[in-house]
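>>> give me the fold of what follows.
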Amino acid sequence: MTTSNWLLPEHLSDILPAEARRIEELRRKLLDLYRTFGFEMVAPPLIEYTDSLLAAKDLDLQLRTCKLVDQLSGRTMGLRADMTPQVTRIDAHLLNREGVTRLCYCGSVFHARPSGLLSDRELLQIGAEIYGHAGFEADLQIIQLALESLEMAGVKNPRIDLNHPNVSRVLVDSVPALSGRASEIFSLLNDKDVPSLKELLESCQDVPQDIANALILLPTLYGSVNVLDEAQEKLPRLPGIGQALQSLRELVNALDNACVGIDLADVRGYDYHSGVSFAIFAPGWHDAIVRGGRYDNVGKVFGRARPATGFSLDLRKVSAGLSPAQPSRAIRAPWGLDAELVGRVRELRNQGHVVVQIFPNSTQSVDEFIFESELLYKEGDWVLESIQ
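This next block holds a predicted model:
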């Protein structure tokens, strides 16, 4: 056997027992949590036709999606890179309900390229979406649920950064010379690359000075919630900007200010998000561990425009940033078909204990379990004794 037989492609990795157990336990806890909020679980397919998978025209999603040809139909299919468009399709086309619908999901997604040097290409994405309510209450519940998810996972000291893409979008769309280079501008804003942004603005003709100054200012408008006051004072009073800032104020007033910040240059998904967007960071993770926000009318491509907001996170990424997963306590027992032994082992397992039976003439090699007690036959009965 050559070493290439067991090497994995770049940015893909195996998950070993203790870590895999923790991820699975966390998956169950979070889905149970979402159910207590009234979210119903859906499970879309791993692969579907790109006509629907990429119907939202999200450029970033198109670049992250692996494509292949369906051998049955000859049509192009995509290996999903994000489950949110699929859940939106289910809400708009299959469920087709009136009023508010809350949906949650969990499944594997695959990225054609990693999102960063330290990122994996295979993610276990879990998330929740609210459809049918345009008010800030839906945004607030989604953010609260995202924070509660991290608390349940054991993430300490999370910090949430809020943004509204309309602040930057209004500035860019107000000048025809800039709207054609929107993707370049938003990329530079994300990177907070002010020198390159200045150079780009200087190369464009007929850009009003107040618009250029505002765009150059955006990368500096991040930090505490006081940034909103600065933005209100210094940004042009264009239709849409004031409304966007007011939407952010509503959420800030409803959240704990100690963990809330503003970043008006975080415009990832500018062609996708329609309202308040957010990212949650925490010590120990090199990048945001949760992203979400409002994406009204994405369902229009599936025949039904609906207000929508939601979030998602990668369970593998969350687990990898926590302290190492610890082995579980277990009971060691002999192998045998004796009815009393079989009954005692079943009883212990029904009580929630892990019982590992040792096969004859063999040793047990495990990393996942710590044997703290042993089932022994003494004086006509099977009893538990502590292992010193």
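
>>> what about stretch 373-387, distance to the chain center?
47 Å (Cα atoms, centre = their mean, to the nearest Å).

>>> should've said stretch 236-255
Centre-to-centre, stretch 236-255 and its host chain are 25 Å apart (Cα atoms, centre = their mean).

>>> so for it, what gets flagged as buried?
Leu238, Ile241, Ala244, Leu245, Ser247, Leu248, Arg249, Leu251, Val252, Leu255 (16 or more other Cβ atoms under 10 Å). (Glycine included, C-beta is placed from N, CA and C.)

>>> can I get that stretch as PDB, trimmed to CA atoms?
Taking Å, rounded to 0.1, in the frame of the first residue of the first chain, the C-alpha atoms of stretch 236-255 are listed here in PDB:
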ATOM      1  CA  PRO A 236     -24.900  61.500   3.500                       C
ATOM      2  CA  ARG A 237     -28.600  61.800   4.200                       C
ATOM      3  CA  LEU A 238     -29.600  59.600   1.300                       C
ATOM      4  CA  PRO A 239     -33.000  57.700   1.300                       C
ATOM      5  CA  GLY A 240     -32.400  54.300   2.700                       C
ATOM      6  CA  ILE A 241     -29.400  55.000   4.900                       C
ATOM      7  CA  GLY A 242     -31.300  56.500   7.700                       C
ATOM      8  CA  GLN A 243     -33.800  53.700   7.600                       C
ATOM      9  CA  ALA A 244     -31.000  51.100   7.700                       C
ATOM     10  CA  LEU A 245     -29.400  52.800  10.700                       C
ATOM     11  CA  GLN A 246     -32.700  52.900  12.500                       C
ATOM     12  CA  SER A 247     -33.200  49.200  11.900                       C
ATOM     13  CA  LEU A 248     -29.800  48.600  13.600                       C
ATOM     14  CA  ARG A 249     -30.800  50.800  16.500                       C
ATOM     15  CA  GLU A 250     -33.900  48.800  17.100                       C
ATOM     16  CA  LEU A 251     -31.900  45.600  17.500                       C
ATOM     17  CA  VAL A 252     -29.200  47.200  19.600                       C
ATOM     18  CA  ASN A 253     -31.800  48.400  22.000                       C
ATOM     19  CA  ALA A 254     -33.300  44.900  22.300                       C
ATOM     20  CA  LEU A 255     -29.900  43.200  22.800                       C
END
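
>>> look up how far Pro45 lies from the residue nearest to His353 when sequence neighbours are not counted.
Setting aside the residues directly before and after it, His353 is nearest to Ile331 in space (Cβ to Cβ, 6 or more residues apart in numbering), at 5.5 Å. When distance is defined by Cβ to Cβ, to the nearest Å, Ile331 is 41 Å away from Pro45.

>>> more neighbours, these two?
Ile331 (20 against 10; other Cβ atoms under 10 Å).

>>> give me the three-state assignment for the residue nearest to His353.
Counting by DSSP: H, G, I helix; E, B strand; the rest coil, the backbone at Ile331 sits in strand.

>>> give the contact list for it.
With contact taken as Cβ atoms under 8 Å, 6 or more residues apart in numbering, Ile331 is in contact with Leu348, His353, Val354, Val355, Val356, Phe371, Glu372, Ser373, Glu374, Leu375, Leu384.

>>> would JSON lines of the buried residues of stretch 236-255 with distance to Leu95 and pLDDT be doable?
Shown next, in JSON lines, are these (distance: Cβ to Cβ, whole Å; pLDDT from 0 to 100):
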{"residue": "Leu238", "distance to Leu95": "38", "pLDDT": "91"}
{"residue": "Ile241", "distance to Leu95": "35", "pLDDT": "94"}
{"residue": "Ala244", "distance to Leu95": "30", "pLDDT": "95"}
{"residue": "Leu245", "distance to Leu95": "34", "pLDDT": "96"}
{"residue": "Ser247", "distance to Leu95": "27", "pLDDT": "94"}
{"residue": "Leu248", "distance to Leu95": "31", "pLDDT": "95"}
{"residue": "Arg249", "distance to Leu95": "33", "pLDDT": "95"}
{"residue": "Leu251", "distance to Leu95": "27", "pLDDT": "94"}
{"residue": "Val252", "distance to Leu95": "33", "pLDDT": "94"}
{"residue": "Leu255", "distance to Leu95": "30", "pLDDT": "91"}
